[in-house]
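Colleague: this one's structure only:
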């Protein structure tokens with residue numbers, strides 16, 4: 001092997017060492033291309049010709065994004081001792097693009113078999129080399145390569161450098177874009193389980209049974225709380241019978257729970273007796289119930305009023321014993337507007 005072949009082989013090995021990692025930028029599988037160019041040849045001394053230029057033209061097909069087959073023709077003029085001559089060749093090459101880059105350039109290997117015609121002699125050749133290419137866009141690239149051509153019949157070694165443009169036909173297939181993996185959503189913390197995250201919850205630790213607004217606070221609804229008191233008395237008596245203490249206790253509990261309420265006690269009698277007597281009796285009955293609330297259940301005197309209405313407001317017919325019994329009474333109605341949390345459905 002002469003010095004020229006050694007140089008080409010060294011170049012191929014150096015470029016091959018670079019090609020180990022990245023992906024090809026453009027998809028060329030199943031695409032045809034044409035490649036016109038020029039070639040400079042340094043002929044073997046056996047051919048008795050100086051360095052010469054010529055043109056090349058090729059047609060290629062992408063077997064994959066990296067590998068292509070290329071059929072090309074070269075026509076090189078030669079000034080030999082015998083006069084002007086032309087070397088014509090046709091060859092089939094395999095072009096393998098490496099998966100990395102040298103700056104903006106992409107390296108490739110080339111090798112193939114061909115046939116040459118020179119001085120009316122035919123020869124079979126083997127070529128091998130390497131080169132670099134630059135991709136302008138999906139359809140156009142520039143490339144150049146250096147190769148050694150070995151003639152089997154003549155035993156010659158020629159050295160050539162070619163350069164030209166590559167025009168890719170058709171459209172590049174494009175891989176479907178890969179959607180980026182969404183970042184995991186931040187964990188939502190809702191410590192009290194009311195459906196409002198802690199970072200927006202203005203009322204932490206709300207009971208889970210409460211309905212809440214968008215700030216996490218209980219939704220309050222207004223209600224009117226009401227309780228009635230009815231204590232009946234024996235004939236011509238104003239003493240509160242123990243049987244009614246539980247009734248009075250319910251009123252005292254209501255007043256404890258609703259501190260804005262007051263009890264207005266109204267005393268009443270049946271129609272037996274004079275109006276004046278009954279008026280005074282009804283007042284004593286109302287005062288007796290008031291004292292039970294104050295002394296037995298510790299209700300503030302300021303929250304209780306008592307008035308007597310005598311026989312003027314009957315609730316039943318005084319003509320019967322049962323009616324008169326119902327009229328001997330102390331009654332009161334207490335109410336308060338209260339707020340309570342709305343419960344979940």
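Modeller: That came through, no problem. Source: prediction; values computed, not measured.
Colleague: Need phi/psi at residue 105.
Modeller: Backbone torsions for residue 105, taken as degrees, to the nearest 10, come to phi -100, psi 150.
Colleague: Pairing partners for it in the sheet, please.
Modeller: Beta-bridge partners recorded for residue 105 (DSSP bridges): residue 102.
Colleague: so is the closest residue to residue 208 other than its chain neighbours in a helix, a strand, or just coil?
Modeller: Computed as C-beta to C-beta, 6 or more residues apart in numbering, the closest residue to residue 208 that is not its neighbour in sequence is residue 193, at 5.0 Å. All C-beta spots, glycine's among them, are computed from the backbone N, C-alpha and C. What DSSP: H, G, I helix; E, B strand; the rest coil gives for residue 193 is coil.
Colleague: Is residue 193 in contact with residue 207, as I believe?
Modeller: No. In this structure, residue 193 is not within contact of residue 207 by C-beta atoms under 8 Å, at 9.5 Å.
Colleague: picking that back up, how many residues are close by the residue nearest to residue 208?
Modeller: Neighbour count for residue 193, taken as other C-beta atoms under 10 Å: 9.
Colleague: I'd like to know how far it sits from residue 221.
Modeller: 21 Å (C-beta to C-beta, to the nearest Å).
Colleague: Mind checking what helix or strand follows the helix or strand harbouring residue 130 in sequence?
Modeller: Using DSSP states H and E, residue 130 maps to strand 121-135. Sequence-wise, the next helix or strand downstream of strand 121-135 (DSSP H and E) is strand 140-151.
Colleague: so what's the backbone phi/psi at the most centrally placed residue in the chain?
Modeller: With distances taken as C-alpha atoms, centre = their mean, residue 182 lies nearest the centre of the chain, 5.5 Å away. The phi/psi pair for residue 182 (degrees, to the nearest 10) reads phi -60, psi 140.
Colleague: Tell me how far it lies from residue 189.
Modeller: In terms of C-beta to C-beta, residue 182 sits 20 Å off from residue 189.
Colleague: go on, residue 130?
Modeller: For residue 130, the distance to residue 189 - C-beta to C-beta - is 61 Å.
Colleague: follow-up on the earlier one: could you list the paired strands of the strand holding residue 130 along with their orientation?
Modeller: Short version: by DSSP bridges, strand 121-135 pairs with strand 106-118 (antiparallel), strand 140-151 (antiparallel).
Colleague: Out of those, flag the one nearest residue 34.
Modeller: Nearest of the strands paired with strand 121-135 to residue 34, taken as C-beta to C-beta: strand 140-151 at 11.1 Å.
Colleague: Okay, and the beta partners of the nearest residue to residue 88 once chain neighbours are set aside?
Modeller: Of all residues not flanking residue 88 in the chain, residue 117 sits nearest, at 4.9 Å (C-beta to C-beta, 6+ apart). On the basis of DSSP bridges, residue 117 is bridged to residue 88, residue 122.
Colleague: Then residue 127?
Modeller: Going by DSSP bridges, residue 127 forms beta bridges with residue 112, residue 149.
Colleague: I figured it hits residue 115, correct?
Modeller: No. Shown here, residue 127 and residue 115 do not form a contact pair, counting by C-beta under 8 Å, at 11.6 Å.
Colleague: can you list residues touching both of these two?
Modeller: Jointly contacting residue 127 and residue 115 under the rule C-beta atoms under 8 Å, 6 or more residues apart in numbering are residue 91.
Colleague: the more surrounded of these two?
Modeller: Under the criterion of other C-beta under 10 Å, the comparison of residue 127 against residue 115 puts residue 127 first, with 20 against 13.
Colleague: and stretch 292-312, how far apart are its ends?
Modeller: Start and end residues of stretch 292-312 are separated by 25 Å (C-alpha to C-alpha, to the nearest Å).
Colleague: Please spell out which residues along that stretch are buried.
Modeller: By neighbour count with 16 or more other C-beta atoms under 10 Å, stretch 292-312 contains the buried residues 292, 293, 299, 304, 306, 308, 309, 310, 311.
Colleague: which other residues reach it?
Modeller: Residues contacting stretch 292-312 (C-beta under 8 Å, 6+ apart): 240, 245, 248-249, 251-252, 255-256, 261-271, 275, 278-287, 289-290, 318, 327.
Colleague: Now, of those, which are buried?
Modeller: Using 16+ other C-beta under 10 Å, the buried ones in the contacts of stretch 292-312 are 240, 248, 251-252, 255, 261, 263, 265-271, 278-283, 285-287, 289-290, 327.
Colleague: number of nearby residues for residue 260?
Modeller: Residue 260, neighbours per other C-beta under 10 Å, totals 9.
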